[in-house]
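Asks: The following comprises the amino acid sequence and a computationally predicted model.
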Amino acid sequence: MKILLGTAALLLCLVTGLSALSKKLEVSALSADIHKQPDLRSPVIAILEKGEILTLASTRKFRKEWNYVYFLSHSNGALKSGYVRESKVTRLYLKTRSVSFSHGAADGGSPSEPRAKKEVVHWGMLSADLTRLIGDPVGVHSRNGTKVLKYNRSVMKRDCRIEYIFSRDRLVKTRYVFLQEYPQNSRYIEDFHRLNDEFSQKYGKPAEENKLWHESTWKDDPNRWGQAVSLGHLSYLTRWQLDQTEVLLSLAGSDSHVSLELMYSTSKTP
């Protein structure tokens with residue numbers, strides 16, 4: 001029996017906050033080079049594909065045509081920063097289209113009780129069936145037999161990048177990257193604990209719950225823990241095991257940027 005990723009239909013609305021969306025940029029060219037400095041001769045630190053989302057780090061234009069941005073690294077999912085030319089991106093404005101569909105249990109539904117006559121996203125489904133159900137993605141990334149469909153949604157009242165990950169064109173993972181930004185890094189820890197409590201109420205006691213110190217300079221100073229996360233000194237990880245579905249909630253950072261993520265994956269072989 002297929003393990004359902006969710007059982008209650010959730011209205012995923014692209015309307016979030018205008019102030020948040022006004023800081024988002026989307027790659028409009030076929031690809032966009034991210035440079036270390038606002039100069040074409042500066043090293044390229046990343047190449048982003050059409051449809052990928054960036055966060056504007058400064059309202060100031062550098063050398064009249066460069067935006068300073070944050071972006072998610074393809075290699076490790078961490079937030080990084082760099083410069084992209086204005087001609088390669090467009091601003092994201094408030095959208096009103098919404099879609100209803102069942103997805104990973106972030107909607108608050110049970111992961112194991114199917115709802116009659118309700119079509120849902122499920123493990124092993126084809127990428128074509130997913131797009132038919134929830135619409136076209138804002139980006140597609142394929143490499144070495146893995147295909148990723150990317151969507152921008154509001155999940156649990158948070159801006160979110162959702163990535164549906166396919167192996168041999170069968171759905172095996174769903175990744176949620178929460179895009180909320182806070183001026184105080186401690187707010188990310190509060191968000192992690194809030195989500196941790198909510199999912200523990202739904203899924204029960206975690207199979208694993210860790211607070212990992214990679215550098216213990218501020219271990220005895222809770223007021224500095226937010227900063228410790230942003231520098232990669234501290235990370236949080238909680239794992240739940242639900243039949244053939246594993247749920248991972250993680251908080252980590254590097255280079256003064258923080259990433260809060262939720263990952264659903266299946267142990268079934270596609």
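Replies: That came in fine, so what should we check first? For clarity, every value in this text was computed on a predicted model and none was experimentally measured.
Asks: Between its first and last residues, how far does stretch 239-258 reach?
Replies: 19 Å (Cα to Cα, to the nearest Å).
Asks: ok now that stretch, how far from the chain's centre?
Replies: Stretch 239-258 sits 11 Å away from the centroid of its parent chain (Cα atoms, centre = their mean, to the nearest Å).
Asks: do the same with stretch 214-229
Replies: Distance, centroid of stretch 214-229 to centroid of chain: 24 Å (Cα atoms, centre = their mean).
Asks: Stretch 43-54 too?
Replies: So, by Cα atoms, centre = their mean, the centroid of stretch 43-54 is 16 Å from its chain's centroid.
Asks: for stretch 60-78, same thing?
Replies: 17 Å.
Asks: And for stretch 42-49?
Replies: 20 Å.
Asks: list the buried ones in that stretch?
Replies: 45-46, 48 (16 or more other Cβ atoms under 10 Å). Where you see a C-beta, it was placed from the backbone N, CA and C, and this is true even at glycine.
Asks: Could you do stretch 120-127 as well?
Replies: Buried residues in stretch 120-127, counted by 16+ other Cβ under 10 Å: 120-125, 127.
Asks: what do you get for stretch 218-235?
Replies: 218, 224-235.
Asks: and what of stretch 129-137?
Replies: Neighbour counts over stretch 129-137 (16+ other Cβ under 10 Å) mark 130, 134, 137 as buried.
Asks: just stretch 193-211 next, same as before
Replies: 195-196, 199, 203, 206.
Asks: Give me the mean pLDDT for it.
Replies: Confidence for stretch 193-211, expressed as mean pLDDT, is 93.
Asks: Now do the end-to-end distance for it.
Replies: 11 Å.
Asks: same check, this time on stretch 175-182
Replies: 21 Å.
Asks: What segments of the stretch 1-150 of the chain are strands?
Replies: Along the stretch 1-150 of the chain, counting by DSSP state E, counting those that start in this stretch, strands occupy 10-13, 24-27, 31-35, 44-49, 53-56, 66-72, 79-85, 89-91, 98-101, 139-143, 146-155.
Asks: Now render those strands as a markdown table, adding mean pLDDT and distance to residue 211.
Replies: Shown next, in a markdown table, are those (pLDDT from 0 to 100; distance: least, Cβ to Cβ, whole Å):
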| stretch | mean pLDDT | distance to residue 211 |
| --- | --- | --- |
| strand 10-13 | 26 | 30 |
| strand 24-27 | 84 | 31 |
| strand 31-35 | 94 | 32 |
| strand 44-49 | 91 | 30 |
| strand 53-56 | 83 | 27 |
| strand 66-72 | 87 | 23 |
| strand 79-85 | 89 | 20 |
| strand 89-91 | 84 | 37 |
| strand 98-101 | 32 | 34 |
| strand 139-143 | 86 | 32 |
| strand 146-155 | 88 | 24 |
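Asks: any chance of those in TSV, plus distance to residue 163?
Replies: As requested, these are exported to TSV (distance: least, Cβ to Cβ, whole Å):
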stretch	distance to residue 163
strand 10-13	14
strand 24-27	15
strand 31-35	18
strand 44-49	13
strand 53-56	11
strand 66-72	10
strand 79-85	15
strand 89-91	20
strand 98-101	15
strand 139-143	8
strand 146-155	5
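Asks: Output the buried residues of stretch 218-235 as JSON lines; include the columns secondary structure, pLDDT and distance to residue 81.
Replies: Formatted as JSON lines, the buried residues of stretch 218-235 follow (DSSP: H, G, I helix; E, B strand; the rest coil; pLDDT from 0 to 100; distance: Cβ to Cβ, whole Å):
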{"residue": "218", "secondary structure": "coil", "pLDDT": "93", "distance to residue 81": "23"}
{"residue": "224", "secondary structure": "helix", "pLDDT": "94", "distance to residue 81": "22"}
{"residue": "225", "secondary structure": "helix", "pLDDT": "95", "distance to residue 81": "22"}
{"residue": "226", "secondary structure": "helix", "pLDDT": "93", "distance to residue 81": "18"}
{"residue": "227", "secondary structure": "helix", "pLDDT": "93", "distance to residue 81": "17"}
{"residue": "228", "secondary structure": "helix", "pLDDT": "94", "distance to residue 81": "19"}
{"residue": "229", "secondary structure": "helix", "pLDDT": "93", "distance to residue 81": "17"}
{"residue": "230", "secondary structure": "helix", "pLDDT": "91", "distance to residue 81": "12"}
{"residue": "231", "secondary structure": "coil", "pLDDT": "90", "distance to residue 81": "14"}
{"residue": "232", "secondary structure": "coil", "pLDDT": "90", "distance to residue 81": "15"}
{"residue": "233", "secondary structure": "coil", "pLDDT": "93", "distance to residue 81": "19"}
{"residue": "234", "secondary structure": "strand", "pLDDT": "94", "distance to residue 81": "20"}
{"residue": "235", "secondary structure": "strand", "pLDDT": "94", "distance to residue 81": "20"}
